[in-house]
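A.B. asks: after the sequence you'll find the predicted model.
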Amino acid sequence: MSFASVLVLNGPNLNLLGTREPAIYGAETLDDVAALCRTAGERLNLSIDFRQSNAEHQLIDWLHAARTDIDGVVINPAAYTHTSVAIADALTAIEKPVIEVHISNVHRREAFRHHSYVSAVAEAIIVGCGTQGYVLALERMATLLDRKAAR
Ligand code: CA2
């Protein structure tokens with residue numbers, strides 16, 4: 001059976017997850033989040049490609065490659081959420097469903113975190129659910145991709 005494939009993309013500084021600011025981001029590391037996503041992928045019949053970069057151009061290059069290889073994108077763009085028209089444009093260009101995830105509740109934090117360039121191009125947004133937000137996003141993505149396959 002061929003599984004739908006989902007790119008789970010993580011932006012700058014998320015490689016530091018679990019090392020600082022546990023009150024905001026929890027104690028899990030990014031490797032723990034990757035394992036959570038892979039376990040959810042097995043349950044949901046999704047093939048998971050989990051990546052992180054601190055470089056905007058690298059995230060954009062991976063999104064461009066996803067135009068041909070990937071069925072959907074779950075993205076935590078981290079600080080680029082609030083600054084990057086380029087990432088929003090790349091997400092639009094791939095013409096695949098996108099779900100935006102934030103571990104923290106950005107709306108309860110500083111005003112500069114309240115605006116997202118990505119939200120306008122996302123099918124759904126999950127904020128403030130901790131790392132469980134990635135699993136919730138994959139569950140929703142599985143629903144969206146099933147519906148697409150059934151058309
Ligand atoms: O809540 C989220 O997931 C964020 O996307 C995380 C970003 C932040 O800039 C966004 O406003 C909200 C920050 C990622 C950096 O994460 C760290 C985690 C632990 C230690 C240091 C950084």
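C.D. replies: Structure's in. What do you need? Numbering: from 1, shown residues only.

A.B. asks: go through the chain and flag its longest helix.
C.D. replies: helix 132-150 (DSSP state H).

A.B. asks: I'd assumed Cys37 was in contact with Lys134.
C.D. replies: If you look again at residue 134, you'll see it is Tyr, not Lys. Yes: with contact defined as Cβ atoms under 8 Å, Tyr134 reaches Cys37; the gap is 5.4 Å. Using the backbone N, CA and C atoms, a C-beta is placed for each residue, glycine as well.

A.B. asks: common neighbours of those two, please.
C.D. replies: Common neighbours of Tyr134 and Cys37 are listed as Val8, Val74 (criterion: Cβ atoms under 8 Å, 6 or more residues apart in numbering).

A.B. asks: more neighbours: which of the two?
C.D. replies: The residue with more neighbours, out of Tyr134 and Cys37, is Tyr134; 25 against 22, by other Cβ atoms under 10 Å.

A.B. asks: list the contacts of that one.
C.D. replies: Applying Cβ under 8 Å, 6+ apart to Tyr134 gives the contacts Val8, Val33, Leu36, Cys37, Ala40, Val74, Asn76, Val101.

A.B. asks: which SSE is the residue most central in space within the chain in?
C.D. replies: Central residue of the chain (Cα atoms, centre = their mean): Ile75, 1.9 Å from the mean position. Per DSSP states H and E: Ile75 is located in strand 72-76.
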